[in-house]
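Trainee: Kindly generate the corresponding structure for this input.
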Amino acid sequence: MKIVIETIPHQDQRYPTCGDWFYGPDGTLHIKVTQLSDWRHEALIAVHELVEVLCCKHRGISQEQVDAFDMAYEAKRDNKLKDPEYPEEAKWILTAEEPGDHTDAPYRSEHCAATGVERMLAALMEVPWSLYENEILAQ
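Mentor: Residues are numbered from 1 along each chain as shown. Next comes the predicted model:
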């Protein structure tokens with residue numbers, strides 16, 4: 001098994017996300033994390049992505065399934081945010097929820113488990129969750 005974790009500029013992500021995982025042609029697992037202000041924030045995202053992909057692999061959930069859901073979700077979110085008829089008071093919901101939190105996400109359980117590990121690690125590293133979450137949402 002080969003796993004490569006690296007930080008990259010946010011605009012270099014495959015789609016609007018701060019953490020992404022995918023397999024290369026040679027089977028290498030790549031985890032890309034948006035560069036943030038604190039190495040601990042980057043590490044939290046990396047750990048989340050690693051736990052999520054390992055749980056997905058265990059459960060037989062493919063990268064293609066996760067990618068298809070995430071990219072469609074983000075496209076819908078982007079369209080609604082640009083829609084002048086979409087209620088302004090509801091737009092904050094679209095920016096706060098991650099695709100994996102949605103009830104239709106094929107990897108919801110795996111995402112939620114990864115978030116649990118991420119939250120525990122944040123507590124151990126004394127990272128205030130709200131500060132961390134605000135930086136992610138600002139990307």
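
Trainee: Secondary structure class of the nearest residue to Glu6 once chain neighbours are set aside, three-state.
Mentor: Leaving out its chain neighbours, the residue that sits closest to Glu6 by C-beta to C-beta, 6 or more residues apart in numbering is Lys32, at 6.3 Å. Just so you know, the C-beta spots here come from the backbone N, C-alpha and C atoms, and that holds for glycine as well. Secondary structure, DSSP: H, G, I helix; E, B strand; the rest coil: Lys32 is strand.

Trainee: Tell me how far Lys32 lies from Asn134.
Mentor: According to C-beta to C-beta, to the nearest Å, Lys32 and Asn134 sit 21 Å apart.

Trainee: Looking at those two, which is more packed in?
Mentor: Neighbours per residue, other C-beta atoms under 10 Å: of Lys32 and Asn134, the larger number sits with Lys32, 21 against 10.

Trainee: what's that one in contact with, if anything?
Mentor: 6-8, 12-14, 19-21 (C-beta atoms under 8 Å, 6 or more residues apart in numbering).

Trainee: Kindly report the same for Leu121.
Mentor: 43-44, 47.

Trainee: how about a markdown table for those, with neighbour count, secondary structure and distance to Val117 added?
Mentor: Formatted as a markdown table, the contacts of Leu121 follow (neighbours: other C-beta atoms under 10 Å; DSSP: H, G, I helix; E, B strand; the rest coil; distance: C-beta to C-beta, whole Å):
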| residue | neighbour count | secondary structure | distance to Val117 |
| --- | --- | --- | --- |
| Ala43 | 19 | helix | 12 |
| Leu44 | 25 | helix | 9 |
| Val47 | 20 | helix | 6 |
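
Trainee: re earlier: for the contacts of Lys32, which one is nearest Val127?
Mentor: Nearest to Val127, judged by C-beta to C-beta, of the contacts of Lys32 is Gly19 at 15.1 Å.

Trainee: if I look at that closest one, how far off is Ala90?
Mentor: Following C-beta to C-beta, the distance that separates Gly19 from Ala90 is 25 Å.
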